[in-house]
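**Student:** sharing a sequence plus its predicted fold:
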There are 2 protein chains.
Amino acid sequence: MSVYDRLSLNTATTKRLNLAEALAAASRADLGHVGLWRDRVAEVGLEAASTMVRNSGLTVTSLCRGGFLTAADDAGRHAALVDNRAAIEEAATLGTGELIMVVGGLPDGDRDLVAARQRVADRIGELAPFALDHGVRLVLEPLHPMYAADRAVISTLGQALDLAAPHPAAAVGVVVDTFHVWWDPQLPEQIARAGREGRLASYQVCDFNLPIAADALLSRGYMGDGVVDFGTIGRWVTAAGYTGPVEVEIFNQEIWDTDGDEVIATVKERWARLVEPSLRSPGPDPADRQPATAS
Amino acid sequence: MSVYDRLSLNTATTKRLNLAEALAAASRADLGHVGLWRDRVAEVGLEAASTMVRNSGLTVTSLCRGGFLTAADDAGRHAALVDNRAAIEEAATLGTGELIMVVGGLPDGDRDLVAARQRVADRIGELAPFALDHGVRLVLEPLHPMYAADRAVISTLGQALDLAAPHPAAAVGVVVDTFHVWWDPQLPEQIARAGREGRLASYQVCDFNLPIAADALLSRGYMGDGVVDFGTIGRWVTAAGYTGPVEVEIFNQEIWDTDGDEVIATVKERWARLVEPSLRSPGPDPADRQPATAS
């Protein structure tokens, strides 16, 4: 047992590292889990990536990402179904049951958010049985509302759970990413609901930095560098019964420009101080746990 | 009757104009209403401003703004109460019953959003009787979640209505500002609720421009320049029974650098094309626009 047991390195955090380098860096840092992105898998090919991951001894906590389901035309709809079926098969081959879904924004020039959201509901309905057959869950990710037009029309955890509701919990789940949902006044009750409904598939942590970066996608930061209250949100997630790995996923140009081992060391330090204490179930006495080892 | 009857120029849109210039420009453009900011009133003094407004023949649709209620220390709490009581008196003197409230963000270094939101509830409770006595309504403004840490801890219309609920509708209302709420999956039901509860005090329009401006506060745009679906939101507001003036309030450096008369001409053109048609009653039944998955 160490305080890092549940820490999973999402490889987007060490963006400059290719798959082999990221797996090696995670192993060097004594981590047990990684979250993978499809582009890094595609670089080496699915079978080779799968072998590399198995040989690393690391578990894959999620594959990022499926989604982009909002096309309004038949060709776009067909392409999305083909791509998402491929992503489901990739997840299964890589040994993870969780496919993170970033559902896409409005088509160019389109402002009909209500209709786009309905198309997402329809596409999820078409993909859910295929996912279930492959032992993979479509994990709906609510994105911060500042991305509602250009990245993901799912903007709250409650909305994600509403979209998941018609489907089995083994087919459609949700992810809580602190960057995207920290502001939500309904967050405590929706996290509890996600736990109750068996859909809390993943917990991802990083901070929300201010001011918002020039490229708003890169405004994520190391835990502690922004405004997120990790203690409170972590306790809500823990109270909802989540006991799985927790991914650290940071898009940030300065972090991407930093040496990977140094990034992981900083991640571990912030994790041990700001995140891990909130994940301890209220039952056991924290004094029974091993002290944090220096990174 | 003209299509501009309900158009109110919020004077922040013509930021470089002082109060006299803004009133003159609105009158030249045959507008009937203005929304005022306290700094422009303070420049000439409250009594002079009040006289100027009365002489202009324009009605004042709101005063911006009270708020900034989140201080955690006694001195900050006291200062907020003093300032908001002054704002309430200013609104009454200027002849408007609507004081827009931007409630403030987290104190420096503080990440406890739950506690900050509770302080807002407490301060509203302290101010509501004073507002009611003066015939002024505290109009709670939900701001876009990207401002939840540094500008306003009220992030959704539903949350604003929850905060208003303990108080008489004549004391605490809400404003729907398209820039801040366009993304909200609960928007149709919360607008309907605001109407039902008699709290829909103001409707403000401007667009949400992408990419987000370097100063995120200035990402507002002319209607039609961004991603907001004014037709749909306007029909929801109309179906909720709102028949009052509609303020056009745009913070945008390029617009601020443009001649005021030219800005107002563009506002009128966009208004007539994109906003006014959605305000004609009766609109289409909003129920048929709601996503099937809405809870």
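**Tutor:** Sure thing, it's come through.
**Student:** quick one: the strands in chain A?
**Tutor:** Under the criterion DSSP state E, chain A contains strands at A:7-10, A:33-37, A:59-67, A:98-102, A:137-140, A:172-177, A:200-205, A:207-208, A:220-221, A:246-248.
**Student:** closest one to chain B among those?
**Tutor:** Nearest to chain B among the strands of chain A is strand A:207-208; the distance by CB to the nearest CB comes to 7.2 Å. (C-beta placed from N, C-alpha, C; glycine too.)
**Student:** run through the neighbouring helices and strands of the closest one.
**Tutor:** The elements that strand A:207-208 packs onto, with contact taken as 3 or more CB pairs under 8 Å, 6 or more residues apart in numbering or on different chains; DSSP states H and E, are helix A:178-181, strand A:220-221.
**Student:** okay, the strands of chain A in a markdown table with mean pLDDT, mean neighbour count and distance to B:Leu23 next?
**Tutor:** Output for the strands of chain A, formatted as a markdown table (pLDDT from 0 to 100; neighbours: other CB atoms under 10 Å in any protein chain shown; distance: least, CB to CB, whole Å):
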| stretch | mean pLDDT | mean neighbour count | distance to B:Leu23 |
| --- | --- | --- | --- |
| strand A:7-10 | 98 | 28 | 55 |
| strand A:33-37 | 98 | 24 | 56 |
| strand A:59-67 | 97 | 24 | 50 |
| strand A:98-102 | 98 | 27 | 48 |
| strand A:137-140 | 98 | 29 | 50 |
| strand A:172-177 | 98 | 27 | 48 |
| strand A:200-205 | 98 | 26 | 51 |
| strand A:207-208 | 98 | 24 | 41 |
| strand A:220-221 | 96 | 24 | 45 |
| strand A:246-248 | 98 | 26 | 55 |
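**Student:** now the ones you listed in TSV, with distance to B:Asp184?
**Tutor:** Shown next, in TSV, are those (distance: least, CB to CB, whole Å):
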stretch	distance to B:Asp184
strand A:7-10	28
strand A:33-37	29
strand A:59-67	21
strand A:98-102	19
strand A:137-140	17
strand A:172-177	18
strand A:200-205	23
strand A:207-208	19
strand A:220-221	23
strand A:246-248	27
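**Student:** nearest to B:Ala131, out of the ones you listed?
**Tutor:** Taking CB to CB, strand A:207-208 is the member of the strands of chain A nearest to B:Ala131, at 33.0 Å.
**Student:** so what touches that closest one?
**Tutor:** The contact list for strand A:207-208, computed with CB atoms under 8 Å, 6 or more residues apart in numbering or on different chains, reads A:144, A:178-179, A:182-183, A:219-228, B:149.
**Student:** what lines up beside that strand in the sheet?
**Tutor:** Sheet partners assigned to strand A:207-208 using DSSP bridges are listed as strand A:220-221 (antiparallel).
**Student:** quick one: residues in contact with the partner strand.
**Tutor:** Under the contact criterion CB under 8 Å, 6+ apart, strand A:220-221 has outside partners A:Phe179, A:Cys206, A:Asp207, A:Phe208, A:Asn209, A:Glu249, A:Ile250, A:Phe251, A:Asn252, A:Ile255.
**Student:** pull the contacting residues for the nearest residue to A:Phe208 once chain neighbours are set aside.
**Tutor:** Leaving out its chain neighbours, the residue that sits closest to A:Phe208 by CB to CB, 6 or more residues apart in numbering or on different chains is A:Gly226, at 4.5 Å. Residues near A:Gly226 by CB under 8 Å, 6+ apart: A:Asp207, A:Phe208, A:Asn209, A:Leu210, B:Ala149.
**Student:** out of the contacts of strand A:207-208, flag the one nearest to B:Leu163.
**Tutor:** B:Leu163 lies nearest to A:Trp183 out of the contacts of strand A:207-208, by CB to CB, at 15.4 Å.
**Student:** where do the helices sit along chain A?
**Tutor:** Taking DSSP state H, the helices of chain A run over residues A:19-28, A:38-44, A:46-56, A:74-94, A:113-133, A:157-164, A:178-181, A:187-196, A:230-239, A:253-256, A:260-270.
**Student:** reformat those helices as CSV; add mean pLDDT.
**Tutor:** Shown next, in CSV, are the helices of chain A (pLDDT from 0 to 100):
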stretch, mean pLDDT
helix A:19-28, 98
helix A:38-44, 96
helix A:46-56, 98
helix A:74-94, 98
helix A:113-133, 98
helix A:157-164, 98
helix A:178-181, 98
helix A:187-196, 98
helix A:230-239, 98
helix A:253-256, 96
helix A:260-270, 98
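**Student:** including distance to chain B and mean neighbour count, could those helices go into TSV?
**Tutor:** Putting these into TSV (distance: least, CB to the nearest CB, whole Å; neighbours: other CB atoms under 10 Å in any protein chain shown) gives the following:
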stretch	distance to chain B	mean neighbour count
helix A:19-28	29	19
helix A:38-44	23	17
helix A:46-56	33	15
helix A:74-94	17	17
helix A:113-133	5	19
helix A:157-164	4	25
helix A:178-181	9	25
helix A:187-196	8	19
helix A:230-239	7	20
helix A:253-256	15	16
helix A:260-270	14	20
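**Student:** take these and write them to a markdown table, including distance to B:Arg16.
**Tutor:** Compiled in a markdown table, the helices of chain A are given as follows (distance: least, CB to CB, whole Å):
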| stretch | distance to B:Arg16 |
| --- | --- |
| helix A:19-28 | 52 |
| helix A:38-44 | 47 |
| helix A:46-56 | 58 |
| helix A:74-94 | 44 |
| helix A:113-133 | 34 |
| helix A:157-164 | 40 |
| helix A:178-181 | 37 |
| helix A:187-196 | 40 |
| helix A:230-239 | 43 |
| helix A:253-256 | 35 |
| helix A:260-270 | 45 |
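**Student:** good, wrapping up.
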